[in-house]
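[1] When you get a sec, could you give me coordinates for this:
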Amino acid sequence: MEVFSSEGYKTFQAANGKMALEIVRSDSPDLVLLDMKIPGMDGLEILKHIKEANPEIKVIMMTAYGELDMIKEATDLGALMHFTKPFDIDEMRAAVNMQLKGGARL
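    Numbers count the residues shown, from 1 in each chain. Below is the predicted model:
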């Protein structure tokens, strides 16, 4: 996440799904980079909770799995886009900057 801190974004990291949702509720980030596989719950479940807590939060999914059904479901639930691992950090940075248009919390 250093790449985003160096861009001037305030960043948070969560070790598991419960922690991710606590951060969403307490800090209401403008954008979440969400891994499809995170300890404690799957990314789709977390995405549902994020959108229930605040539908305005933008979500970009990351996955090591090219499963089209999971990617489609994430999009249907409100994810803006996805990156398949390994991804190019410069492409991710450009996508984040495009979504946030100049600065906010990540």
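[2] Identify the bridge partners of the most centrally placed residue in the chain.
    The structure's the chain has its C-alpha centroid closest to residue 33; by Cα atoms, centre = their mean the separation is 2.1 Å. As for beta bridges, residue 33 partners with residue 60 under DSSP bridges.
[3] Now for it: which residues touch it?
    Listed by Cβ atoms under 8 Å, 6 or more residues apart in numbering, the contact partners of residue 33 are 60, 62, 92, 96, 106. C-beta here means a position set from N, CA and C on the backbone, and glycine is covered the same way.
[4] can we see that at 10 Å?
    1, 4, 11, 13, 58-62, 83, 92, 95-96, 106 (Cβ atoms under 10 Å, 6 or more residues apart in numbering).
[5] which residues of this protein score low on pLDDT?
    For the chain, applying pLDDT under 70 flags the ranges 66, 102-106.
[6] all helices of this protein, in order?
    Along the chain, the stretches classed as helices by DSSP state H are 2-5, 17-27, 43-53, 68-76, 89-100.
[7] quick one: buried residues of the fourth one?
    When neighbours are counted by 16 or more other Cβ atoms under 10 Å, the buried residues of helix 68-76 are found to be 70-71, 74.
[8] Adding distance to residue 25, write these out as a markdown table.
    What follows is the buried residues of helix 68-76, written out as a markdown table (distance: Cβ to Cβ, whole Å):
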| residue | distance to residue 25 |
| --- | --- |
| 70 | 25 |
| 71 | 26 |
| 74 | 21 |
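[9] quick one on the thing from earlier: just the buried ones out of the contacts of residue 33, please.
    The buried subset of the contacts of residue 33 - by 16+ other Cβ under 10 Å - is 4, 58-62, 83, 92, 95-96, 106.
[10] Residue 39: which of these is nearest?
    For those, the closest approach to residue 39 (Cβ to Cβ) belongs to residue 62, at 14.7 Å.
[11] so which of the contacts of residue 33 comes closest to residue 47?
    The closest of these, once distances to residue 47 are taken by Cβ to Cβ, is residue 59, at 5.9 Å.
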